[in-house]
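> sequence and predicted structure below; questions after.
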Amino acid sequence: MTYVDDFVILHREDYDIKEVFALFEWGSLEKMELDKPVTFKGKELTLCRDNQSKKVDMKITMKKFIDGLDSGKVQRGRPPDAKLTPQEQKELRSVCGCLQWLATRCRPEVAASVSLTPHGAEACVSDLKALYVTMEFIKQTPDQGLLIPCVPLNRDSVVAVYSDSSWNNARKSGSQIGTLTGVTTPQVFDAVSSFATIDWKSSRSPRVCRSTLASEATAADEAADRGMFLNLFLSELMWNIPAHRVGSRLSVVHAVDAKSLYDAVISENPSLNDRRTLVSIRSIQEQLPVDAIRWVPTDVQFSDGLTKIDAKLRDRFAEWLQRPVCIMTKDAQAKEKHTGESVEPWI
């Protein structure tokens with residue numbers, strides 16, 4: 001990771017890092033050690049050993065920042081639908097800003113709550129109350145964050161993408177879209193595999209969608225684009241060829257839980273009345289091989305937590321972030337291994 005003149009350097013154990021240190025003038029240097037947090041740009045980075053695999057993962061938290069936040073309460077007697085006072089408007093902007101910073105750094109599970117909260121004249125007392133509830137959740141779980149598991153990064157790596165949408169659940173008939181992008185192993189095509197989260201997004205659809213299919217297609221198009229960018233970026237590193245020449249060389253898998261979208265994307269000639277949605281479908285087909293798109297049940301559609309405000313969904317998403325995995329296979333045993341529940345094979 002690089003922030004202007006701040007670096008986090010990772011290297012193989014058999015590489016002599018002193019060679020890099022000799023090339024430049026450095027300020028303070030700190031070596032990361034197992035189970036010892038290191039602060040980097042307001043985040044705590046901790047190397048921790050997985051008890052099962054014995055591999056070393058990285059945990060990213062913002063406990064110190066969270067400990068410095070204050071919980072709040074709305075004045076008693078304020079009706080839920082009442083417009084906010086100027087002071088409450090200021091408070092809403094402040095709470096939103098803190099939660100947004102957390103959501104974009106290491107707490108994706110609160111991203112939807114921030115994105116879907118009205119601002120300005122549209123905001124009311126119930127919106128501020130909802131943000132306080134989200135803040136209380138953050139205050140109660142300061143040690144939670146984002147786990148980056150030890151996923152090998154090489155030419156066999158797989159770019160994994162999740163996309164989801166909630167139709168017409170935002171202001172002014174808007175739809176909320178969510179995308180998750182990361183890297184996994186070739187094991188993903190046969191069984192549960194670890195997932196290293198690289199990028200996520202929770203935002204309003206750029207257009208008003210006429211149907212669930214339209215909003216799902218918009219989300220999938222956005223996710224395919226972000227997955228393509230990651231693929232080009234990593235391909236340039238792996239093959240040492242500029243991105244515009246190397247192309248997307250890594251395998252890719254893209255999960256959706258909308259069967260209508262899946263059927264449209266794998267169809268050579270999709271039959272749709274909504275021509276604008278057809279453009280999104282064609283864009284997805286242009287970026288993805290036909291065998292890259294996968295339909296998965298909603299309970300293993302992990303970007304679902306980026307599309308709506310729901311406490312149970314948020315908690316489940318937060319739990320997944322503590323041990324992120326990909327489940328793209330129809331093998332019921334793979335899901336059993338992850339959930340601990342006996343399940344029927346997917347249809």
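Done, it's in. Numbers count the residues shown, from 1 in each chain.
> backbone phi and psi for the spatially most central residue of the chain, please?
Nearest to the mean C-alpha position of the chain, by Cα atoms, centre = their mean, lies W200 at 3.2 Å. W200 has phi and psi values of phi -150, psi 160 when expressed as degrees, to the nearest 10.
> that one contacts P108, correct?
Yes. Judged on Cβ atoms under 8 Å, W200 makes contact with P108 at a distance of 4.7 Å. Bear in mind the C-beta positions are built from the backbone N, C-alpha and C, glycine included.
> between the two, which contacts overlap?
Residues touching both W200 and P108 (Cβ atoms under 8 Å, 6 or more residues apart in numbering) are L180, L306.
> which stretches in this structure count as helices?
With DSSP state H, the ranges of helices along the chain come out as 18-21, 63-67, 86-105, 111-115, 125-140, 212-239, 243-246, 259-266, 275-287, 311-321, 332-339.
> what's the most buried one of those helices?
Each of those was scored by mean neighbour count; the highest is helix 111-115, a mean of 24, by mean count of other Cβ atoms under 10 Å.
> that older thread, with mean pLDDT and distance to S303 added, can I get the helices of the chain in TSV?
Below are those laid out as TSV (pLDDT from 0 to 100; distance: least, Cβ to Cβ, whole Å):
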stretch	mean pLDDT	distance to S303
helix 18-21	91	37
helix 63-67	97	24
helix 86-105	96	14
helix 111-115	97	10
helix 125-140	96	19
helix 212-239	97	8
helix 243-246	95	25
helix 259-266	96	13
helix 275-287	96	15
helix 311-321	96	9
helix 332-339	46	16
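> could you list the domains of the protein?
Domain ranges of the chain: 2-61, 64-140, 152-339, per automatic domain parsing.
> now do the lengthiest strand in the chain: which elements does it pack against?
Secondary structure of the chain per DSSP state E: the longest strand is strand 158-170. For strand 158-170, the packing partners by 3 or more Cβ pairs under 8 Å, 6 or more residues apart in numbering; DSSP states H and E come out as strand 174-184, helix 212-239, strand 251-256.
> about what we covered before: let me have the helices of the chain in TSV, adding distance to G42 as columns.
Shown next, in TSV, are those (distance: least, Cβ to Cβ, whole Å):
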stretch	distance to G42
helix 18-21	25
helix 63-67	6
helix 86-105	8
helix 111-115	18
helix 125-140	15
helix 212-239	24
helix 243-246	30
helix 259-266	38
helix 275-287	34
helix 311-321	18
helix 332-339	32
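> can you tell which of these is closest to V252?
helix 212-239 (6.0 Å; Cβ to Cβ).
> off-centre distance for the closest one?
Averaged C-alpha coordinates place helix 212-239 at 13 Å from its chain's average position (Cα atoms, centre = their mean, to the nearest Å).
> could you give the angle of that helix to strand 251-256?
Between helix 212-239 and strand 251-256, the angle comes out at 160 degrees (axes from the mean of the first three to the mean of the last three Cα atoms, to 10 degrees).
> tabulate the helices and strands packed on strand 158-170 (JSON lines), appending distance to L29.
Shown next, in JSON lines, are the helices and strands packed on strand 158-170 (distance: least, Cβ to Cβ, whole Å):
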{"stretch": "strand 174-184", "distance to L29": "28"}
{"stretch": "helix 212-239", "distance to L29": "24"}
{"stretch": "strand 251-256", "distance to L29": "37"}
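> V159 is nearest to which of the helices of the chain?
Of all these, helix 212-239 sits nearest to V159, with 4.8 Å by Cβ to Cβ.
> name the helices or strands packed onto the closest one?
When contacts are defined as 3+ Cβ pairs under 8 Å, 6+ apart, helix 212-239 packs onto strand 158-170, strand 174-184, strand 196-204, helix 243-246, strand 251-256, helix 259-266, helix 275-287.
> need these in a markdown table (columns: distance to A217).
As requested, the helices and strands packed on helix 212-239 are arranged in a markdown table below (distance: least, Cβ to Cβ, whole Å):
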| stretch | distance to A217 |
| --- | --- |
| strand 158-170 | 8 |
| strand 174-184 | 10 |
| strand 196-204 | 15 |
| helix 243-246 | 26 |
| strand 251-256 | 9 |
| helix 259-266 | 6 |
| helix 275-287 | 4 |
